[in-house]
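# I would like the atomic coordinates for the input below:
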Amino acid sequence: MKVVILCGGLGTRLREETEFRPKPMVKIGTKPILWHIMKLYAHYGFKDFVLCLGYKGEIIKEYFYHYEMYNSDFSIYLGKQKSIEVHNSHNELDWRVALIDTGEKALKGARIKRIEHLIEEEHFLLTYGDGVANLNINQLVEFHLRHGRIGTVTGVRPPSLFGELQVRGDQVELFTEKPQTSSGLISGGFFVFSRKIFDYLSPADDCDFEPGPLEKLAQDGQLMVYEHRGEWACVDTYRDLEHLNHLWSTNRAFWKVWA
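Just a heads-up that it's a prediction; the model follows:
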C-alpha cells in the first residue's frame, strides 16, 4: 500500500519558517516534519511514498536526492576521479520515494487526482505533511479493510491550547500542559482510501479535498471514522512547532514509536 503525503501548501500561518522552505521541511529537532511522518509509516512497514509537491518543492527534491549526504558521515576524495566514501549508514535503506510536482497553485484534491496514475493497488494511505501521532497504522488499515467503504478518516481529540487546571477550592491539584480535550473528534489527517476516491476528484487547480469531495463522500455514506485515543498534534503555528521541538529535545516525543 502506498503512502501519499500532501506537501504542496503555502503554510501561511507558519510564515516565520515557510518563507524559506515548504512547511513539511520545517524541522523538529534536526529532521524535517516530513521525515518524522515517514518514520511513523515505515515503522509499520509502509515504505512506498508518493510526495505531492508544490510550493518550493525543489527543496524537498534536493533533500531526498542528497539524502545519503545529509544523513551520513562521509569523506570526499577530490580530483578528476572524485569519489565518496560513506562511513556510517541510516535506517531508511528500503524506502521508495516518488517526488511528484503537482503544481504551484493546486488545491489538495487536485494534487491527489494528479498522482492517480501512480496508485496501482486497490487501497492507499494519505496524510498531510504537518501532523504527528502515536497512531497504530496497521490497526487503522485493518479497520478500513473491514468496513468496505471508500474512505476512512482518523478522528482525534485535539490538544488544548492552554494548560488544564484541576483544582480543589483555591488549590491547584494538577497542572497538565496541552492535554487532549474531550470536546469532540476532529480530523487527524491520517486517511485510508480505495481507488474509488479518485471519482470524487478533479485535476483542476480549484479542486479542494475537505470541502467538496470529503463532504460528498460522507453524504454518500462512504466515509468511516477510526477513533485514535492516543496523542496527536499538528504544526499549524510557530507555537505548535516550539511545543513539538520541546517534546523532542526532552525525550517526550509521543510520536517516536520507532526504535
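
# and residue 59, how many neighbours does it have?
15 (other CB atoms under 10 Å). Bear in mind the C-beta positions are built from the backbone N, C-alpha and C, glycine included.

# Next, the contact list for it, please.
21, 22, 25 (CB atoms under 8 Å, 6 or more residues apart in numbering).

# Over to residue 32?
Contacts of residue 32 by CB under 8 Å, 6+ apart are 24, 25, 26, 63.

# how much space between the third one and residue 54?
The spacing between residue 26 and residue 54, counted by CB to CB, to the nearest Å, is 15 Å.

# swap in the second one?
Using CB to CB, residue 25 is found at 13 Å from residue 54.

# ok, back up a step: so which of the contacts of residue 59 are in helices?
If you go by DSSP state H, the contacts of residue 59 have nothing in helices.

# tell me what the helix or strand encompassing residue 5 is packed against?
Mapping residue 5 onto the secondary structure by DSSP states H and E places it in strand 3-7. Packing partners of strand 3-7 (3 or more CB pairs under 8 Å, 6 or more residues apart in numbering; DSSP states H and E): helix 33-43, strand 48-53, helix 108-113, strand 123-128.

# Pipe these into a markdown table and attach distance to residue 252 per row.
Shown next, in a markdown table, are the helices and strands packed on strand 3-7 (distance: least, CB to CB, whole Å):
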| stretch | distance to residue 252 |
| --- | --- |
| helix 33-43 | 14 |
| strand 48-53 | 27 |
| helix 108-113 | 31 |
| strand 123-128 | 22 |
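
# isn't residue 95 right up against residue 47?
Yes - taking contacts as CB atoms under 8 Å, residue 95 lies within contact range of residue 47: 4.9 Å.

# Tell me where the stretch 151-259 of the chain has helices.
215-219, 238-249 (DSSP state H, counting those that start in this stretch).

# picking that back up, with respect to burial, which of the helices and strands packed on strand 3-7 scores highest?
Across the helices and strands packed on strand 3-7, averaging neighbours per residue (mean count of other CB atoms under 10 Å) puts helix 108-113 on top, at a mean of 24.
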